[in-house]
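1. model the structure of this input:
(one chain, ligands or ions: 1)
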Amino acid sequence: MNAKHTTLAIEAAALLDRLGVDPAARTGGSLIARSPVTGEETGRLPFASVADAEAAILTAEAAFKAWRVVPAPRRGELVRLLGEELRAAKAELGRLVSIEAGKSVSEGLGEVQEMIDICDFAVGLSRQLYGLTIATERPGHRMMETWHPLGVVAVITAFNFPVAVWAWNAALALICGDAVIWKPSEKTPLTALATQAIFAKAAKRFGQVPEGLAQLLVGAGDIGAVLVDSPKVALVSATGSTRMGRIVGPKVAARFGRSLLELGGNNAGIVCPSADLDMALRAIAFGAMGTAGQRCTTMRRLFVHESVAAELVPRLKKAWASVTVGNPLTSQALVGPLVDGAAYDAMVGALEAARAAGGLVTGGERVTDIAPDAHYVRPALVEMPAQVGPVLEETFAPILYVMTYSDFDAVIEAHNAVGAGLSSAIFTTDLREMEMFLSAAGSDCGIANVNIGTSGAEIGGAFGGEKETGGGRESGSDAWRAYMRQATNTINYSRDLPLAQGVVFDIG
Ligand code: NAD
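-> You can find the predicted model right below:
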């Protein structure tokens with residue numbers, strides 16, 4: 001370990017100390033935490049055991065039973081305090097996100113801001129967990145629906161949004177009256193420890209939080225699997241690859257549990273003849289290269305109308321060639337590292353396959369002079385003759401496949417002809433094209449944007465995607481309903497007992 005590496009490990013430890021994490025939770029274990037920024041080790045955490053996971057589920061079940069009867073606005077007060085603690089810890093936690101996930105400083109802070117935003121949203125929502133009152137066919141009756149707390153919610157998260165995804169789930173689950181068990185990515189355990197310590201501060205201020213209401217289990221997929229298999233876990237909210245979702249979804253379904261799956265994306269943009277090309281260029285560059293291509297909403301495919309390709313594609317190539325790649329902590333570079341060597345290998349493999357399928361690759365080289373043990377790459381732009389091979393899959397790295405099109409209906413068809421269905425964007429000033437793209441016959445994704453890129457969603461809208469993206473919705477709009485169970489209540493305030501559908505059952 002050289003001196004520079006030592007400095008980063010010490011910084012992570014100091015941040016964790018300041019955030020109130022017990023040093024025993026980050027030392028002496030066998031889960032090695034590493035920073036993608038330098039590749040250096042930043043902690044050694046004890047793995048949770050299967051017995052720990054089983055005990056956590058029992059404690060969470062007891063906590064749920066106590067929490068579900070606390071009035072929802074009072075539950076909101078806990079989330080309000082969590083938001084306050086996150087505001088106070090924003091600088092430290094944001095920095096830790098940058099160290100552990102390799103994000104730029106502003107993206108690290110932005111991730112914590114997203115946590116704060118969802119807390120604010122959830123606090124308001126804690127007074128709006130409403131159901132309908134519905135007209136009944138029977139005289140002297142009233143019919144209504146009620147939303148009740150659901151149970152224990154397992155939150156399994158991916159490395160690339162190491163803390164925001166927990167907050168999207170936990171803030172809503174807590175106001176909905178549920179208990180939460182978090183299994184973070186094994187690649188980003190330190191930020192999870194920090195977040196748990198921040199929650200503990202809010203819980204202490206609140207004063208009456210049942211023990212085990214929000215727990216953390218540090219471990220890999222095997223610990224996630226204990227949560228997935230347990231009939232005591234009412235909802236499994238799992239964010240990660242489609243590969244993971246293919247395992248988790250059927251297991252939860254087999255025990256009739258509820259799952260909320262937020263899986264991979266293969267997001268595309270369409271640049272139409274009337275597009276504002278300056279705007280499209282910036283949106284495409286951020287969407288495809290930001291966070292080094294490691295967002296679920298990263299733009300991975302681009303369809304450019306043949307009438308504007310000769311102007312736009314050279315400008316894109318120029319942007320790709322000039323974008324700064326560097327250490328996100330010590331430079332203003334726009335593109336930071338890949339998370340690890342496996343991500344780099346996947347990128348190399350995808351580019352090889354693209355070349356074999358006739359793709360013309362610009363960029364994509366490894367950058368070795370930033371930190372020898374880290375994996376920095378120049379973003380790749382690949383001009384493809386057709387949508388084949390690696391273009392059909394998500395490779396979690398900065399690769400943008402560019403294709404041209406001539407016919408609008410055909411490009412919508414091509415846009416939808418991949419397994420994933422998360423995010424999409426059209427660049428046009430033509431009203432008809434815009435409305436077609438947003439219509440029932442247009443983009444088949446959970447997110448469809450006009451004149452902005454595919455990434456950078458706000459918490460106010462429901463977030464998630466269709467098809468192999470898993471179908472779940474998190475965050476804003478009415479996503480809260482996934483964390484509650486619905487009951488339909490019919491009340492008879494008459495002196496008769498009329499049966500529905502006019503059925504007669506006269507025992508007198
Ligand atoms: P991953 O699938 O490797 O891991 C995600 C989580 O699942 C980790 O916590 C892991 O330990 C856990 N896991 C793995 N196998 C499991 C099993 N059998 N049972 C239970 N848990 C298991 O994903 P990753 O590499 O951390 O993240 C990148 C992927 O996540 C990309 O595909 C990206 O598109 C996706 N992602 C999706 C969203 C979304 O909202 N749709 C958001 C962020 C990331």
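2. just the element for the residue of the stretch 301-450 of the chain found nearest the ligand, please.
-> Of all residues in the stretch 301-450 of the chain, residue 396 sits closest to the ligand, at 5.1 Å by Cβ to the nearest ligand atom. For glycine as for every other residue, the C-beta is placed from the backbone atoms N, C-alpha and C. Using DSSP states H and E, residue 396 sits in no helix or strand.
3. show me where the stretch 1-150 of the chain has its helices.
-> Ranges of helices within the stretch 1-150 of the chain are 3-18, 50-67, 72-101, 105-125, based on DSSP state H, counting those that start in this stretch.
4. where exactly do the strands run in the stretch 101-250 of the chain?
-> 133-134, 141-149, 152-156, 179-183, 214-216, 233-239 (DSSP state E, counting those that start in this stretch).
5. strand partners (parallel or antiparallel) of the last one?
-> So the one you mean is strand 233-239. Using DSSP bridges, strand 233-239 pairs in its sheet with strand 152-156 (parallel), strand 258-262 (parallel).
6. next one: the fourth one
-> Strand 179-183 has the following strand partners under DSSP bridges: strand 152-156 (parallel), strand 214-216 (parallel).
7. average pLDDT across stretch 340-357?
-> Computed over stretch 340-357, the mean pLDDT rounds to 98.
8. now tell me what touches it from outside.
-> For stretch 340-357, contacts defined as Cβ atoms under 8 Å, 6 or more residues apart in numbering pick out 34, 36, 187, 294, 338, 359, 361, 364, 366, 375, 377, 380, 382, 384-386, 388-391, 393, 395-399, 401.
9. ok now that stretch, how far from the chain's centre?
-> Chain-centre distance of stretch 340-357: 24 Å, with Cα atoms, centre = their mean, to the nearest Å.
10. so is that stretch next to the ligand?
-> No: judged by Cβ under 6 Å from any ligand atom, stretch 340-357 stays clear of the ligand, getting no closer than 8.1 Å.
11. out of the helices of the stretch 1-150 of the chain, which gets the lowest mean score?
-> helix 3-18 (a mean of 82).
12. buried stuff in that one?
-> Within helix 3-18, the residues scored as buried using 16 or more other Cβ atoms under 10 Å are 5, 8-9, 11-13, 15-16.
13. cool, stretch 372-382 as well?
-> 374-382.
14. one more: stretch 444-456?
-> Neighbour-count burial for stretch 444-456, with 16+ other Cβ under 10 Å as criterion, is recorded at 444-449, 452-455.
15. is it in proximity to the ligand?
-> No: using Cβ under 6 Å from any ligand atom, stretch 444-456 never reaches the ligand; the gap is at least 8.7 Å.
16. mind checking the end-to-end distance for that stretch?
-> Distance across stretch 444-456, first residue to last, is 19 Å (Cα to Cα, to the nearest Å).
17. could you give the mean pLDDT of that stretch?
-> In this model, stretch 444-456 has a mean pLDDT of 97.
18. which of the buried residues of stretch 372-382 come close to the ligand?
-> Okay, of these, nothing touches the ligand (Cβ under 6 Å from any ligand atom).
19. what is the most widely separated pair among those residues?
-> Within the buried residues of stretch 372-382, 374 and 382 form the most distant pair, 23.6 Å apart (Cβ to Cβ).
20. which parts of this structure sit against the ligand?
-> Residues of the chain lying close to the ligand (Cβ under 6 Å from any ligand atom) are 156-161, 183, 185-186, 220-221, 224-225, 228, 239-241, 244, 247-248, 262-265, 296, 394, 396, 422, 469.
21. return the members of the residues you listed classed as buried.
-> 156-161, 183, 185-186, 224-225, 228, 239-241, 244, 248, 262-265, 296, 394, 396, 422, 469.
22. among these, name the ones in helices.
-> The helices, defined by DSSP state H, take in 224-225, 228, 244, 248 from these.
23. mind checking pLDDT for the residue nearest to residue 63 when sequence neighbours are not counted?
-> Here the nearest residue to residue 63 in space, its sequence neighbours aside, is residue 210; by Cβ to Cβ, 6 or more residues apart in numbering that works out to 3.9 Å. Looking at residue 210, its pLDDT reads 98.
24. give me the residue at the spatial middle of the protein.
-> Against the mean C-alpha coordinate of the chain, by Cα atoms, centre = their mean, the closest residue is residue 165 at 5.0 Å.
25. could you check the pLDDT of it?
-> With respect to pLDDT, residue 165 scores 98.
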